[in-house]
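*Asks:* Sharing a model prediction with you, sequence too.
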Amino acid sequence: MIPLPESFYARDTVEVARELLGKLLVHGHRQGRIVEVEAYLGSDDLAAHASRGVTPRTRVIFGPPGRAYVYLSYGIHECLNVVAERNGIPGCVLIRGLTPVAGLTGKLNGPGKLTKAMDIDRRFYGHPLWQPPLAIYNAPAPSEPIHVTPRIGISRCADWPLRFHL
DNA sequence: GAAACGATTACT
DNA sequence: GTAATCGTTTCA
């Protein structure tokens, strides 16, 4: 099993989001299968943090792909994103749901729960995702059909079909 | 320097 | 339906 290379992420954000479904998210001995993601684009996507330009928080979204973008939501929850598109182009994929593979228990539905169960926090801001202890590994394409629905929990551009799950 | 807001979750 | 809670962003 090999980690996904930087080139995997250097593509269209929506394409990366679809391809991430079924892949393996690993932190130490904890492993989970990615079953739910959302795509966030750049300047045209008013729901994306990157839409208002580069800030200290969002600068990694504009940087090289395959990096982790971890941010604090509502002052309470950490959320894990993966940067897509090549260097200089904004775009990221929010990991919303996992199914346990090893070292995890119960359902991991919701980005806040997910990061808490995986023990992921802002230490990993900008971390390359092909490098242990936090990495995403390749896996066979999912046999389940991919469902496409509007994104959840946002107010602007809430009807864009950028949420993908199995 | 001060004020408002949010890619959420859990509880009433 | 709404409170909890705080870093980031926006405005003066």
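*Replies:* Structure received. Predicted, not measured: the structure shown is a model, and the values here were computed from it.
*Asks:* what residues does the worst-scoring helix or strand of chain A on mean pLDDT touch?
*Replies:* Least confident helix or strand, chain A: strand A:108-109 with a mean of 89, by mean pLDDT, DSSP states H and E. Here strand A:108-109 makes contact (Cβ atoms under 8 Å, 6 or more residues apart in numbering) with A:32, A:36, A:96-100, A:114, A:117-118. (Each C-beta comes from the backbone N, C-alpha and C, glycine too.)
*Asks:* Give me the pLDDT for the nearest residue to A:Thr149 once chain neighbours are set aside.
*Replies:* Using Cβ to Cβ, 6 or more residues apart in numbering and skipping residues adjacent in sequence, the residue nearest A:Thr149 is A:Arg163, 4.9 Å away. The per-residue pLDDT reported for A:Arg163 equals 96.
*Asks:* With A:Ala48 instead?
*Replies:* A:Ala48 is given a pLDDT of 95.
*Asks:* The closest residue in space to it that isn't next to it in sequence bridge partners, please.
*Replies:* With sequence-adjacent residues excluded and distances taken as Cβ to Cβ, 6+ apart, A:Ala48 is closest to A:Tyr40, at 3.9 Å. With DSSP bridges applied, A:Tyr40 shows beta-bridge pairing to A:Cys92.
*Asks:* one step back: the residue nearest to A:Thr149: what's it in contact with?
*Replies:* A:36-39, A:96, A:148-152.
*Asks:* again, 6 Å this time
*Replies:* By Cβ atoms under 6 Å, 6 or more residues apart in numbering, the residues touching A:Arg163 are A:38, A:149, A:151.
*Asks:* What of A:His165?
*Replies:* A:35-36, A:147.
*Asks:* before we move on, what about A:Ser73?
*Replies:* A:Ser73 neighbours (Cβ under 6 Å, 6+ apart): A:Cys79.
*Asks:* Show me what it is bridged to.
*Replies:* A:His77.
*Asks:* What segments of chain A are strands?
*Replies:* For chain A, strands defined by DSSP state E occupy the ranges A:24-27, A:30-40, A:68-73, A:77-83, A:92-102, A:108-109, A:130-131, A:134-137, A:147-149, A:163-165.
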